[in-house]
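Peer 1: Let me see the structure of the following:
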Amino acid sequence: MRRDPASRRESSGRKSALPPAPLRSMTGFGAASTTKGRIVARVEVRSVNHRHLQLKARLSSEHAHMEPALEALVREKLERGSVTVSATIEREAAAGAARVNSDVARRYQKLLQSLAKELKLEGGVRLETLIGLPGVIGSAEVDGQREAEDELLLGCARKALEELVKMRAREGASLLADLRKNTKGIAELVSGIETRMPSVVREHHENLLARVSLLLSGQSGRVAVKPEDLAREVALLADRMDVGEEIARLASHLGQWEGLLSKGGAVGRQLEFLVQELLREANTIGSKCNDAKVAHAVVEMKTLNERLREQVQNVE
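Peer 2: This next block holds a predicted model:
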């Protein structure tokens with residue numbers, strides 16, 4: 001049986017659709033070590049929450065030139081967070097590979113003697129001082145393998161970053177469960193307020209009628225309230241207490257919220273914005289509606305919103 005072309009296109013579209021990215025925390029840790037010959041590279045990567053992506057590289061002076069390459073690698077994998085990369089290279093020197101760089105030692109000696117003379121210090125430059133200075137004692141083998149060390153260090157950093165990303169994804173899964181739990185609570189409170197509002201308006205209407213009747217009692221008919229005046233006051237009261245617009249915006253924000261959670265990836269900033277909007281609408285409902293039950297629901301809503309605010313600060 002031949003299939004309709006549109007059906008084939010739809011099927012093809014489903015196959016090519018990418019799965020949603022996981023929600024990731026900005027907190028994580030990853031470590032890796034790689035050995036090649038007599039060289040061992042070790043890298044640790046830590047990250048905590050930060051408004052932007054920030055890299056701190058802790059490298060030895062001889063590998064400081066690797067910082068731009070490490071930063072580019074971090075930016076490939078992460079979008080937000082304060083990231084610290086600590087990397088070391090250990091070498092097992094081969095027999096006969098050690099050498100003394102006499103030219104470097106002589107330059108150090110000359111500079112140190114000149115400094116001692118300038119500062120009027122007594123005593124010569126000792127051998128143990130010279131051999132401890134960078135570049136005096138070296139390895140002919142190491143001098144020729146800087147590029148290999150750089151590649152090894154970068155590969156090790158890539159593995160450590162992969163471990164960091166996995167941990168951030170695991171933390172993100174826990175965050176996702178908590179975020180959905182708290183937003184579900186907010187949605188239930190919003191639904192309760194929406195259900196409660198007609199009763200609130202009716203109760204205020206009845207209270208208004210009761211107060212008017214009380215005021216008119218004993219006036220011997222000297223004061224009369226027209227039904228249309230009373231109806232107008234009730235309409236104004238209902239208008240002032242109308243929170244339908246706020247409830248509609250809350251429903252819209254919660255829908256966008258769930259869409260971002262389902263989308264995953266780096267959605268932390270958007271979630272932070274929605275948290276602010278949810279709080280704004282809750283405050284407006286609280287100021288409009290003078291009802292104990294609604295006020296209690298608004299307090300609970302703001303409590304849940306504060307939990308959301310704390311949680312989304314750690315979402316990438």
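
Peer 1: where does the stretch 101-250 of the chain have low pLDDT?
Peer 2: 135, 137-144, 208, 211-239 (pLDDT under 70).

Peer 1: What ranges does the stretch 1-150 of the chain have for its strands?
Peer 2: Remark: strands assigned in the stretch 1-150 of the chain by DSSP state E, counting those that start in this stretch are 28-36, 39-48, 53-58, 81-91, 98-100, 137-139.

Peer 1: separation between Glu76 and Ala87?
Peer 2: Glu76 is 17 Å from Ala87, where distance means Cβ to Cβ, to the nearest Å. Just so you know, the C-beta spots here come from the backbone N, C-alpha and C atoms, and that holds for glycine as well.

Peer 1: Give me the more crowded residue out of these two.
Peer 2: Between Glu76 and Ala87, Ala87 has the larger neighbour count (other Cβ atoms under 10 Å), namely 22 against 9.

Peer 1: what bridges to that one?
Peer 2: Taking DSSP bridges as the rule, Ala87 bridges to Val43.

Peer 1: hang on, it packs against Ala57?
Peer 2: Yes: assessed by Cβ atoms under 8 Å, Ala87 is found in contact with Ala57 at 7.5 Å.

Peer 1: shared neighbours of those two, anything?
Peer 2: Residues touching both Ala87 and Ala57 by Cβ atoms under 8 Å, 6 or more residues apart in numbering: Met66, Leu70.

Peer 1: follow-up on the earlier one: now the strands of the stretch 1-150 of the chain in JSON lines, with distance to Lys117?
Peer 2: As requested, those are exported to JSON lines (distance: least, Cβ to Cβ, whole Å):
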{"stretch": "strand 28-36", "distance to Lys117": "47"}
{"stretch": "strand 39-48", "distance to Lys117": "42"}
{"stretch": "strand 53-58", "distance to Lys117": "37"}
{"stretch": "strand 81-91", "distance to Lys117": "37"}
{"stretch": "strand 98-100", "distance to Lys117": "25"}
{"stretch": "strand 137-139", "distance to Lys117": "26"}
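
Peer 1: Check the offset of the helix or strand where Leu279 lies from the chain's centre.
Peer 2: Using DSSP states H and E, Leu279 sits in helix 268-288. Helix 268-288 sits 19 Å away from the centroid of its parent chain (Cα atoms, centre = their mean, to the nearest Å).

Peer 1: Mind listing what's buried along stretch 54-61?
Peer 2: For stretch 54-61, a neighbour-count test (16 or more other Cβ atoms under 10 Å) marks Leu55, Ala57, Leu59 as buried.

Peer 1: quick one: which of the residues you listed is nearest Asn290?
Peer 2: Distances from Asn290 to those, taken as Cβ to Cβ, are shortest for Leu55 (52.6 Å).

Peer 1: count of residues packed around Thr195?
Peer 2: Neighbours around Thr195, by other Cβ under 10 Å: 9.

Peer 1: and what of Ser287?
Peer 2: There are 10 residues near Ser287, going by other Cβ under 10 Å.

Peer 1: swap in the one 10 residues further on?
Peer 2: Ala297: 23 surrounding residues under other Cβ under 10 Å.

Peer 1: Surely it and Glu188 touch.
Peer 2: No: between Ala297 and Glu188 there is no contact under Cβ under 8 Å: 9.4 Å.

Peer 1: show me the contacts for the closest residue to Asp242 other than its chain neighbours.
Peer 2: Once flanking residues are discounted, Asp242 sits nearest to Lys288: 7.5 Å by Cβ to Cβ, 6 or more residues apart in numbering. Applying Cβ under 8 Å, 6+ apart, we find Lys288 in contact with Arg240, Met241, Asp242, Val243, Glu246.

Peer 1: With Gln109 instead?
Peer 2: Gln109 neighbours (Cβ under 8 Å, 6+ apart): Val125, Leu130.

Peer 1: So which residues of this structure form helices?
Peer 2: In chain order, the chain shows helices spanning 5-16, 67-77, 102-118, 127-131, 140-143, 146-216, 227-241, 244-263, 268-288, 292-312, with DSSP state H as the criterion.

Peer 1: mind listing what Val200 touches?
Peer 2: Contacts of Val200 (Cβ under 8 Å, 6+ apart): Met241, Cys289, Asp291, Val294.

Peer 1: Where do the domain boundaries of the chain fall?
Peer 2: Recorded structural domains for the chain (assignment: automatic domain parsing) are 21-94+145-167, 102-135, 170-312.

Peer 1: Can you give me the first-to-last residue distance of the longest one?
Peer 2: So that's domain 170-312. End-to-end span of domain 170-312 (Cα to Cα, to the nearest Å): 15 Å.

Peer 1: How far away from the center of its chain is that domain?
Peer 2: Mean-position distance between domain 170-312 and its chain equals 29 Å (Cα atoms, centre = their mean).
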